[in-house]
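Engineer: okay, sequence plus prediction incoming.
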Amino acid sequence: MTPNIARVALPVPLDKQFDYLIKPDQNPVVGGRVKVPFGPKQHVGIVTAITDNSEFSIGKLKPLTAVLDASPLWQPPLFKLLGWASGYYQYPLGDTLANAMPTLLRKGREASPSSLKMWQLTHEGREQPITALKRAPRQVQVLNALRQGKVSHEALLAEEVSTAILKTLADKGWIETVAEKPAHKHWLRNFAVTEEKPRLNEEQALAIASVNANPDFGCYLLEGVTGSGKTEVYLNLLEPVLAAGKQALILVPEIGLTPQTINRFRRRFNVPLETIHSGLNDSERLAAWLAGRDNQAGIIIGTRSALFTPFANLGIIIVDEEHDASYKQQDSLRYHARDLAVMRANRENIPVVLGSATPALESLHNAKSGKYHHLTLTRRAGQAQSARHGVLDVKGLYLDAGLSAPLIARMRKHLEAGNQVMLFLNRRGYSPAIICHECGWLAECKRCDAYYTFHQQSGELRCHHCATQRPIMPQCGNCGSTQLNAVGVGTEQLEQQLATLFPEFKAVRIDRDSTRRKGSLEGYLEAIRNNEYQILIGTQMLAKGHHFPDVTLVSLIDVDSALFSNDFRAAERLAQLFIQVAGRAGRASKPGEVVLQTHHPEHALLQSLLHKGYDHFATDALRERKQAWLPPYTYLTLFRAEANQSDQVEQFLQQVRGIFESSPIFSQETMVMGPNPAPLARRAGRYRWQLLLQAPDRKTLQQLLSIAKPAIQLLPLAKKIRWSIDVEPQDL
Ligand code: ADP
Ligand code: ZN
Ligand code: ZN
């Protein structure tokens, strides 16, 4: 009997697939899309198997409405990887596959480039003697052009032919349009290295040779400070890959995708390059996706989700700034793009290079244990010197908008020498709270366990945890006093105070508030490079990927909040931020200086970072992690749950805990911690709790989860409250 049942993964939050009958004229393929009835609606799903048996009686199955793809959307290695990711990250397969598709494909759009509108001569048009049109030179131009063959509408417009002229000729019945798919050409025919390459230094040459020595799978951690020539190494690695007609995928952090980065690749190679990032609209995203699949792009540079782009012939993956937190998706499919990139390279049997000045502790651990090859660039290319750095003990000092007098004096010195100064503060708004001077009342969000942030520019109080905002109240909500004061310092206040302290210099603030408008970040960055601003204030946003050669002083004005955070990764993140900014300060002729303001200059991790460098810090931090049974020595999964009733949430997680503890493979080496209230115990009116599962290895963790999940889903409370599973969470 011929198989006549299609098993389909649908984007519905159920951990199962659905069977449909294949009608005789339908030819669905595994990995291709079909349209099917589901409840009252039609859904687009992916065929995962074609079979002749179903656990349901054939008579009850509905037929496929339509087959949308004649060939699979993904080649087998990527399709299997998606299946694996669905299991590993505990997210339904249908949803996982939908996540990996451009929106338009999810909506059923054809998976091929849109047709072009082409003009061609009609039979009548071909017969026309040109002399008949002597007084219409534009019309003659069009007819002559079309005598050579079809020409696209766009190409004619580019030749300054107006649509009116085309319409006139069409009305005469001489020309007509046809829709035609763009022709596929292989870019390899035009491949060329289009700029002079610098002479590599020894470390760069060694790194490149190590990767090139083996064209098969291998994971390489390329550790090198900013300016040590990592990008140059990437460019050199791409060259033989592209020359062999293979494609390259380069992942960058969310805001690392600057025109400067892209231009370096464009300048070097004459190959089509596509970018994939959150700024694309749906059709641009589909076009980039198809360019990868149909081999119309040689290089794709993109953020996290670009990892799911299919390639006709992928030859290498590069993950730049591999330590960056934006590689972890924080909702729906909570995947880590760096980890999946390594998996993908493994399945496609190609090299993957992870680059960073400050590798994640997980990656360093893998390099030290021999799982990854460790390549290092210790020298800065060119002649740039490393920055001087030091801590500024601010205990007991008066702080003016967070700035101590010694820091202000140092800023003045750098500014008066004609240089730029950069200040980091990871807190936007004017102040993180508002307090009544008479009774101590604090303005609190009604829906969250959090204070309102005061935004002076808009005269508003905003909760940074839910969408609530309200005009600032004229009086204390408790005693009616009008003496409401700001407590704490945010970037807005810093900006304002700097205008008073340094009226002769211009300050610019780069944070999520000031860069909300599309393109505004680019505008600011350009203005900074043109020296229109001398003082740069920013949150993390300013640290990433931007190079400002005239900045000679950088200060992290409050490092204490990171040193004493609940999140075990806070110190690692602080160290990464510090090294990044230190790497960006100054250049050959202008040595840079980095100053950390702290109340705890003696803090051990701070000391090892400052005096011994990142590697030393990392070694110390890894030792601490090992002692504390934390990643990368153990593997975590975080259960988050929330609802309007706190006790229900706690009870639910208590039951989840019970399920784990009674599991046959739960052992002395596995632990469940909690339920505990989440760091923000109430958000948007909902109570939030969490439960942490810890296992000695990935396999045990996965076994525990796959045994427990069906039981958890059967809990009556599981349907009443919102809960999620975050495998290897980045934020606790
Ligand atoms: P990274 O990516 O590590 O920050 P880049 O590759 O951007 O470093 O290199 C920093 C600067 O040094 C760039 O301007 C680059 O063109 C230049 N550079 C890199 N390698 C060399 C080299 N071998 N010789 C001369 N200049 C180099
Ligand atoms: Zn709130
Ligand atoms: Zn009061």
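Structural biologist: Sure, I can see it. Ligands and ions are numbered 1, 2, ... in the order given.

Engineer: going along the chain, name the helices of the stretch 401-550 of the chain.
Structural biologist: 405-416, 491-501, 520-529 (DSSP state H, counting those that start in this stretch).

Engineer: deepest-packed of those helices, please.
Structural biologist: Scoring the helices of the stretch 401-550 of the chain by mean neighbour count under mean count of other C-beta atoms under 10 Å gives helix 491-501 as the most buried, with a mean of 19. C-beta: built from backbone N, CA, C; applies to glycine.

Engineer: list the contacts of it.
Structural biologist: Here helix 491-501 makes contact (C-beta atoms under 8 Å, 6 or more residues apart in numbering) with 400-403, 408, 423, 425, 427-431, 455-457, 486, 505, 507, 509, 511, 513, 535, 537-539, 557.

Engineer: can you name the next helix or strand after the longest strand belonging to the chain?
Structural biologist: If you go by DSSP state E, the chain has its longest strand at strand 671-683. Heading C-terminal from strand 671-683, the first helix or strand you meet, by DSSP states H and E, is strand 686-695.

Engineer: give the pairing partners of that following strand; include direction for each.
Structural biologist: strand 635-643 (antiparallel), strand 671-683 (antiparallel) (DSSP bridges).

Engineer: pLDDT of that strand, averaged?
Structural biologist: The pLDDT scores in strand 686-695 average 95.

Engineer: what's next to it, contact-wise?
Structural biologist: With C-beta under 8 Å, 6+ apart as the test, strand 686-695 has contacts from 629, 634-646, 649-650, 653, 656-657, 660, 669-678, 680-682, 701, 704-705, 722, 732.

Engineer: any chance of a ChimeraX selection covering the buried ones in those?
Structural biologist: To isolate the buried members of the contacts of strand 686-695 in ChimeraX, using 16 or more other C-beta atoms under 10 Å:
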select :634,635,636,637,638,639,640,641,642,643,646,649,650,653,656,657,660,670,671,672,674,675,677,678,681,682,701,704,705,732
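
Engineer: burial of the nearest residue to residue 568 once chain neighbours are set aside, as a residue count?
Structural biologist: In this structure, residue 568 finds its nearest non-sequential neighbour in residue 630, 5.5 Å apart by C-beta to C-beta, 6 or more residues apart in numbering. Counted by other C-beta atoms under 10 Å, the residues lying close to residue 630 total 18.

Engineer: so where is the protein shaky, pLDDT-wise?
Structural biologist: 1-2, 130, 132, 255-257, 381-386, 544-545, 586-589 (pLDDT under 70).

Engineer: near ligand 3, which residues of it show up?
Structural biologist: Contacts of the chain with ligand 3, taken as C-beta under 5 Å from the ion, map to 436, 438, 439, 441, 476, 478, 479, 481.

Engineer: in contact with residue 84, which residues?
Structural biologist: Applying C-beta under 8 Å, 6+ apart, the residues near residue 84 are residue 343.

Engineer: heads up, I number from 307, so please use that
Structural biologist: With 307 as the first residue, the last one maps to residue 390.

Engineer: helix/strand/coil for it?
Structural biologist: helix (DSSP: H, G, I helix; E, B strand; the rest coil).

Engineer: and the gap between it and residue 609?
Structural biologist: Distance, residue 390 to residue 609, by C-beta to C-beta, to the nearest Å: 22 Å.

Engineer: try residue 1023
Structural biologist: 36 Å.

Engineer: pull the number of nearby residues for residue 503.
Structural biologist: Every residue meeting other C-beta under 10 Å relative to residue 503 is counted, giving 11.

Engineer: repeat that for residue 431.
Structural biologist: Other residues within reach of residue 431 by the criterion other C-beta under 10 Å amount to 20.

Engineer: could I get the phi/psi values of it?
Structural biologist: phi -60, psi -40 (degrees, to the nearest 10).

Engineer: any idea how far the residue nearest to it when sequence neighbours are not counted is from ligand 3?
Structural biologist: Take residue 431 and drop its neighbours on the chain: the residue closest to it by C-beta to C-beta, 6+ apart is residue 480, 3.3 Å away. Residue 480 is 83 Å from ligand 3, where distance means C-beta to the ion, to the nearest Å.

Engineer: and the residue nearest to residue 952 when sequence neighbours are not counted, bridged to which residues?
Structural biologist: Spatial nearest neighbour of residue 952, excluding adjacent residues (C-beta to C-beta, 6+ apart): residue 993 at 3.7 Å. Note on residue 993: beta-bridge partners by DSSP bridges are residue 949, residue 988.

Engineer: before we move on, back to that, so which of the helices of the stretch 707-856 of the chain comes closest to residue 548?
Structural biologist: When the helices of the stretch 707-856 of the chain are compared by C-beta to C-beta, helix 826-835 sits nearest residue 548, at 27.9 Å.

Engineer: now that closest one - C-alpha only, PDB.
Structural biologist: Provided in PDB are the C-alpha atoms of helix 826-835 (Å, rounded to 0.1, in the frame of the first residue of the first chain):
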ATOM      1  CA  SER A 826      19.000  57.900  15.100                       C
ATOM      2  CA  LEU A 827      21.800  55.700  16.600                       C
ATOM      3  CA  GLU A 828      23.600  55.700  13.300                       C
ATOM      4  CA  GLY A 829      23.300  59.500  13.200                       C
ATOM      5  CA  TYR A 830      24.700  59.900  16.600                       C
ATOM      6  CA  LEU A 831      27.600  57.600  16.000                       C
ATOM      7  CA  GLU A 832      28.500  59.500  12.800                       C
ATOM      8  CA  ALA A 833      28.400  62.800  14.700                       C
ATOM      9  CA  ILE A 834      30.600  61.400  17.400                       C
ATOM     10  CA  ARG A 835      33.200  60.300  14.900                       C
END
